[in-house]
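Undergrad: The sequence and its predicted three-dimensional model are supplied below.
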Amino acid sequence: MTSATQPTTLFDKLWTAHLVAPESEAAPAVLYIDLHLIHEVTSPQAFAELESRGLSPRRPDLTKGTLDHSTPTLPAGADGRLPYYTAEAENQVDTLRRNCARHGVELFDYDSDHRGIVHVIGPELGLTQPGQTIVCGDSHTATHGAFGALAFGIGTSEVGHVLATQCLLQRKPKTLAINVEGELAPGVGAKDLILHIIGAIGVNGGTGHVIEYRGSTIRALSMDERMTVCNMSIEAGARAGLIAPDQTTFDYLAQTPRAPRGADWERAVARWSEFKTDEGAQFDREVRIHASAIKPTLTWGTHPGQVAAIDAHLPQANDADEAKALAYMGFDGGAAMAGRPVDVVFVGSCTNSRLSDLRQAAQVLRGRRVHPRVRMLVVPGSEQVKRAAEAEGIDAVVRAAGAEWREPGCSMCIAMNGDLVGAGQLAVSTSNRNFEGRQGKGARTLLASPLTAAACAVAGHVVDPRDYLDAVKEVA
Amino acid sequence: MSAGFSEVVSRTVVLRERNIDTDQIIPARFLTTTERKGLGKFAFNDWRYLADGSPNPEFELNKPANAGAAILVAGRNFGCGSSREHAPWALTDLGLRAVISSEIADIFRSNSLKNGLLPIVVEQDLLDELLDQPGIELRIDVRERRLHLPDGRSAPFPLDAFAQTCLLEGVDQLGYLLRQLDAIHGFEQRRAAAQQASFSQEQVHAR
Ligand code: SF4
């Protein structure tokens, strides 16, 4: 047992506060879940399982649904129908709609002002709050950890468990502190930071752990940037990433529609403020990262740990895996990162589709043209992001540059909805996974920041975004 | 949940690659299904089939010698990437009952255990040995938590006691959770009461 005087980590506080039953040798803990987010891809089999057992959701009020993965990012055609990629995709969306209607689950459907990527809308609505446990059948649920919530991805069976009981069976993970100190250089952002971290600790560096991102660099990040960092925790193997809530968090939440109001707000802030790691608390592991040395960073291979700074050279094929990755990417070992011709640029996904991301891309695009070879898609993360961006003319900048401005959704991040990168094409993408075929069969992906992506779109090849530093300074 | 089982005996099929991610196990474009069944035909789709749709004869799982193998031995860090349970669904549909690696991603491991697919983590040295000897017959003993090699040697593997019981007895995890409903209800009430208490305290202060 922990006493009040014993220093504990943020993770420990979150864990303890949600224990319905502690774990034992014989059985895992029963952990209470405050917020369950669902989307069309990983929920149908869970609802079917419940129905086959004659069960219904226990707390439909704590479950929220959205449509994002299989959904088209082009508007409805002249016949009023949305251009679904396949009939199966449309059926999946209809299935979620039916399940939500039947069981009284709130769904942010096409007619909602709040539909969007599940990890963009939770925070934006203020559904995501410090001190909560949040799960979703999606591994990037770690995004919500930016608010000091214990948030992690689960499989479809577990989606069923949460629907039926509002609880999960969990073994307690270990803790990993990533301490980041120093100032990020101009033109270097949260995406470069997290790519650098994954490169440093490896794609399995966080396996079995919950990461807490700490230090002066992290404290200085905006909520959008913190979400970018926590989002990719899973790319280091960690199921969850956490950042302790502070004034930045509270200021963000104060603007959201579902946050507590009035006296409730004061009480909530007081409660939220306790969710931080005490001085002297012990982590199972600690890593130190120096932020000031980080440069614009991209992936060069087929997993997110294969990263290089923009001015670096690709590695020689040091082993069979690197050789395979280089071959898939069509790269020669030892060649320069910069200068490779780019075919597709994607700005979007739950990693980088919020307003500040789109602003950065627009700053580079303003008054410039996308290179004729390049197809560029800009896909806002939500209806709200889209409207806010349009209100400041970002859509016009994007279109004037010759890029496509789309409806909100996951789009080319997972390429389930027909937004595809062609076989052999090289894409610079602000999403989170560069696995073989992730953006379409045979597609080659370089993960990068919105600034780098936009700069590459204009240049037509991989380029240092700091060459566009005038634009960058205006943003900062 | 299927009926319990205590061992898997099979030849191995080997995929040497490290970091085999869930997008390789089942590419996202096959996730628009609303069913659990029938995903085996898409398992490792982009490695398994050539551009013209015919089976790639070089891919291990396509080789006639490996037909019927139920134990997959794979390079370090298997199953990284997404939370899609479609990955173990696809592998079990293919006839696999166990995956052996020196590291297996957390969510994939948890998903596998709920679908009767054994995630077996062994030391890197042993993995290297298994990677070098495709097709040997292994016996995985769930009760003993040991992997038995054909030469008589054996090695322990970690398996959570609860997961072990579930596998051996075919215990259904949702059923187990449903039996905790009283405790869950109690937790909700305690929490609501605590919040109410802090509220009334503040009201007292306010007066
Ligand atoms: S944007 Fe990509 S990573 Fe995020 S939820 Fe959608 S598919 Fe998953």
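TA: Nice, thanks for sending it over. Numbers count the residues shown, from 1 in each chain, chains lettered A, B, ... in the order given.
Undergrad: From now on I want contacts and neighbour counts done on CA atoms only, so please keep to that.
TA: Noted.
Undergrad: Quick one: the strands in chain B, in order.
TA: For chain B, the strands defined by DSSP state E cover B:7-15, B:71-74, B:98-101, B:118-121, B:137-141, B:146-148, B:154-156.
Undergrad: same check, this time on the stretch 51-200 of chain A
TA: Assigned strands in the stretch 51-200 of chain A, in chain order: A:63-66, A:106-108, A:133-136, A:150-153, A:167-170, A:174-181 (criterion: DSSP state E, counting those that start in this stretch).
Undergrad: neighbouring contacts of stretch A:190-199?
TA: Counting contacts by Cα atoms under 8 Å, 6 or more residues apart in numbering or on different chains, the residues outside stretch A:190-199 that touch it are A:205, A:221, A:225-226, A:228-229, A:232, A:235-236, A:289, A:291, A:294-299, A:304-307, A:448-449.
Undergrad: Which ones among the residues you listed lie within helices?
TA: In helices, judged by DSSP state H, the following of the contacts of stretch A:190-199 are found: A:225-226, A:228-229.
Undergrad: picking that back up, chain B: which of the strands of the stretch 51-200 of chain A is closest?
TA: For the strands of the stretch 51-200 of chain A, proximity to chain B was assessed by Cα to the nearest Cα; strand A:150-153 is nearest, at 6.1 Å.
Undergrad: Is that closest one positioned near the ligand?
TA: No: with Cα under 6 Å from any ligand atom as the measure, strand A:150-153 is seen stopping short of the ligand, the closest distance being 10.4 Å.
Undergrad: Pick the most deeply packed of the strands of the stretch 51-200 of chain A.
TA: Most buried of the strands of the stretch 51-200 of chain A by mean neighbour count (mean count of other Cα atoms under 10 Å in any protein chain shown) is strand A:150-153; its value is a mean of 28.
Undergrad: Tell me the strands beside that strand, with direction?
TA: Strand A:150-153 has these partner strands in its sheet, going by DSSP bridges: strand A:133-136 (parallel).
Undergrad: With mean pLDDT, distance to chain A and mean neighbour count added, can I get the strands of chain B in TSV?
TA: Shown next, in TSV, are the strands of chain B (pLDDT from 0 to 100; distance: least, Cα to the nearest Cα, whole Å; neighbours: other Cα atoms under 10 Å in any protein chain shown):
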stretch	mean pLDDT	distance to chain A	mean neighbour count
strand B:7-15	97	12	21
strand B:71-74	98	13	26
strand B:98-101	98	13	25
strand B:118-121	98	13	24
strand B:137-141	98	19	19
strand B:146-148	98	19	19
strand B:154-156	97	18	14
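Undergrad: export these to a markdown table and tack on distance to A:Leu358?
TA: Converted to a markdown table, the strands of chain B look like this (distance: least, Cα to Cα, whole Å):
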| stretch | distance to A:Leu358 |
| --- | --- |
| strand B:7-15 | 41 |
| strand B:71-74 | 40 |
| strand B:98-101 | 41 |
| strand B:118-121 | 41 |
| strand B:137-141 | 52 |
| strand B:146-148 | 52 |
| strand B:154-156 | 51 |
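Undergrad: if we can go back for a sec, let me have the strands of the stretch 51-200 of chain A in JSON lines, extended by distance to A:Tyr213 and mean pLDDT.
TA: Compiled in JSON lines, the strands of the stretch 51-200 of chain A are given as follows (distance: least, Cα to Cα, whole Å; pLDDT from 0 to 100):
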{"stretch": "strand A:63-66", "distance to A:Tyr213": "27", "mean pLDDT": "98"}
{"stretch": "strand A:106-108", "distance to A:Tyr213": "31", "mean pLDDT": "98"}
{"stretch": "strand A:133-136", "distance to A:Tyr213": "18", "mean pLDDT": "98"}
{"stretch": "strand A:150-153", "distance to A:Tyr213": "13", "mean pLDDT": "97"}
{"stretch": "strand A:167-170", "distance to A:Tyr213": "22", "mean pLDDT": "98"}
{"stretch": "strand A:174-181", "distance to A:Tyr213": "5", "mean pLDDT": "98"}
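Undergrad: which residues of chain B fall in helices?
TA: Counting by DSSP H, chain B forms helices over residues B:22-25, B:45-48, B:86-93, B:106-113, B:124-132, B:161-169, B:173-178, B:181-206, given from the N-terminal end onward.
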